[in-house]
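A.B. asks: Take a look and give me a structure for this.
(2 chains)
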Amino acid sequence: MLDRRFIRDHPDAVREAARAKGIDLDVDELLQTDKSVRNLQHELDDAQAERKSSARQFARADEARRAELRAGQAELDGRLRQLRDELAEASAQLQELMLRTPTIPWEGAPVGADESANVTIRTWGEPPSFDFEPLDHVELLEKRGWAEFARARKVAGERAYALRGDAVLLERALHSYAIDMLLNRDFTVISVPSLVKEEALIGTGQFPGHREETYAIPADDLYLAGTAEVALVGMHSGEILDKKQLPVRYAGISPCFRREIGSAGRDVRGLLRVHQFEKVEQFVICEADAAESDRWHAELLSTAEHLLQGLGLHYEVVETSTGDMGIGKYRMNDINTWFPSLNRFRETHSCSSLHDWQARRANLRYRDTDGTVRFAHTLNNTAIATPRLLAALVENDQAATGEIRVPEVLRPYLRQRELL
RNA sequence: GGUGGAGUCGCCUAGUGGCCGAGGGCGCACGCCUCGAAAGCGUGUGAGGGGGCAACCCCUCCGUGGGUUCAAAUCCCACCUCCACCGCCA
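C.D. replies: The predicted model follows:
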């Protein structure tokens, strides 16, 4: 969501942002609706003031005066009802438009319709070289008895999986490694609900745009969140934090659920795209300052890179284009990790700055040192999402025997074993 | 799942239809006093929207949404959340 005053003052910037992000939004309609909401509100205010003063006079009035007042009140009531209806309708229309209004993307974002316009800004490491024919993660996991696909799909359908044995320990080691790194950076570890209310999903911006991506539990009016960010924003929604509490830094842990409706039939093999996965998410609430926001963006990105560097995984960092970053993002950098079986990179991390777009939706504010109440900035980035990263790890670190060389950083979590 | 109780301005609390256009205390801020502080005294102390060059003014908000009434924090209904007990349960 944007500031209505900002939209009034900079309609061209909003128009340009919508165009760059490929969002269908009629800014003139938005401006007109905003104008009529304000006009109606003003009329209603005046009528309301009149009505209140009439009711106040009533108590002290004699019978004759009361009859007179009643007549005036009846007339006013009709007018009030009409104004309220008109205002409610205009407000609903405005809200609908506001929810579809994008953040203005940063000036460095490549302009383009989709991911083909993304730009690789750096790469780290080298693809591993093998003196044997490497297996893909599905073959490898099955060879080691580390995963069950057929049986899992028997109970849970397509894209289901079960991890077994050392694969589970390895997955847990990845999460522990990420959590410890974030703890060292003054993040607070927090496990959050995945089962969330609709308002939480509107607050983060998943709704109304990507409803079809989210599992719904209609019997209880709940949904399964695709990321811990939904609960983390929701938990602070409606709050006014003190400036001293900022920045809020969370390592949010949760199971994540995604319907993958837009990619039906793609990546159906293995662990690359599943409906249920485990994620440690980096999440920051900071003050509403572009430079501060930028610093945190760099910090979150750098932490994710450190994690991958520690694991010795080859990756690239991508500057995401306006058309690929989504409605609420100011800036987005994906990190794509190398998958030997695919002979290419696949997205394993996504680092996003939302500026105050999300905070406005969720009504998440803080009191600045001068006493002013402002909408905060929010940012998020993956720390570790498995099993996708687990798949990358086993593919990259496999030996000819099918054993896995454990990266040094994970050994403390695996009883110092060097090979699995 | 059942029964009972509760949700008021950061915190505690007053408030059972019009003097609530929300009172008091704590906390906080500023001032007086003081060498300085404490205590004491005084003043101030929420959010949103709108209008005005400005001092300032108007409207909305007492968990949320409806309803009754000329008038609702107060009465009625639904929902949300919390507490207690019973049942069930990892």
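A.B. asks: Phi and psi next, for A:Pro360.
C.D. replies: To be clear, residue A:360 is Arg; Pro isn't right here. The phi/psi pair for A:Arg360 (degrees, to the nearest 10) reads phi -70, psi -40.
A.B. asks: That one and A:Phe375 touch, don't they?
C.D. replies: Yes. Counting by Cβ atoms under 8 Å, A:Arg360 touches A:Phe375, with 5.2 Å between them. C-betas here are computed from N, CA, C, even on glycine.
A.B. asks: who does the residue in the stretch 301-420 of chain A positioned nearest to RNA strand B bridge with?
C.D. replies: Using Cβ to the nearest atom of the strand, the single residue of the stretch 301-420 of chain A nearest to RNA strand B is A:Val373, 4.2 Å away. With beta bridges defined as DSSP bridges, A:Val373 has these partners: A:Arg367.
A.B. asks: got the contact list for it?
C.D. replies: Counting by Cβ atoms under 8 Å, 6 or more residues apart in numbering, A:Val373 touches A:Ile240, A:Arg365, A:Tyr366, A:Arg367.
A.B. asks: at 7 Å instead, please
C.D. replies: A:Val373 sits next to A:Ile240, A:Arg365, A:Arg367 when contact means Cβ atoms under 7 Å, 6 or more residues apart in numbering.
A.B. asks: Give me the buried subset of the residues you listed.
C.D. replies: Among the contacts of A:Val373, those classed as buried by neighbour count (16 or more other Cβ atoms under 10 Å) are A:Arg365.
A.B. asks: now, which of the contacts of A:Val373 sits nearest A:Gly310?
C.D. replies: Using Cβ to Cβ, A:Arg365 is the member of these that lies nearest A:Gly310, at 36.5 Å.
A.B. asks: ok, A:Ser129 - how many residues close by?
C.D. replies: The tally of other residues near A:Ser129 (other Cβ atoms under 10 Å) stands at 7.
A.B. asks: did I read that right, it in a helix?
C.D. replies: No. Judged by DSSP: H, G, I helix; E, B strand; the rest coil, A:Ser129 forms no part of a helix; its state is coil.
A.B. asks: ok, it to A:Leu140 distance?
C.D. replies: Look at A:Ser129 and A:Leu140: by Cβ to Cβ, to the nearest Å, they are 17 Å apart.
A.B. asks: same deal with A:Lys52?
C.D. replies: According to Cβ to Cβ, A:Lys52 stands 74 Å off from A:Leu140.
A.B. asks: can you count the residues close to the residue in the stretch 51-200 of chain A that RNA strand B sits nearest to?
C.D. replies: Among all residues of the stretch 51-200 of chain A, A:Phe58 sits closest to RNA strand B, at 3.3 Å; criterion: Cβ to the nearest atom of the strand. A:Phe58: 12 surrounding residues under other Cβ under 10 Å.
A.B. asks: Could I get the average pLDDT for whichever helix or strand it is part of?
C.D. replies: Counting by DSSP states H and E, the element that carries A:Phe58 is helix A:27-59. Averaged across helix A:27-59, pLDDT comes to 86.
A.B. asks: by contact count, what packs against it?
C.D. replies: Using 3 or more Cβ pairs under 7 Å, 6 or more residues apart in numbering; DSSP states H and E, the elements in contact with helix A:27-59 are helix A:4-9, helix A:11-21, helix A:63-99.
A.B. asks: Near RNA strand B, which residues of chain A? Just list them.
C.D. replies: Taking Cβ under 7 Å from any atom of the strand, the part of chain A that reaches RNA strand B is made up of A:4-5, A:38, A:41-42, A:44-46, A:48-49, A:52-56, A:58-59, A:70, A:73, A:240, A:365, A:371, A:373.
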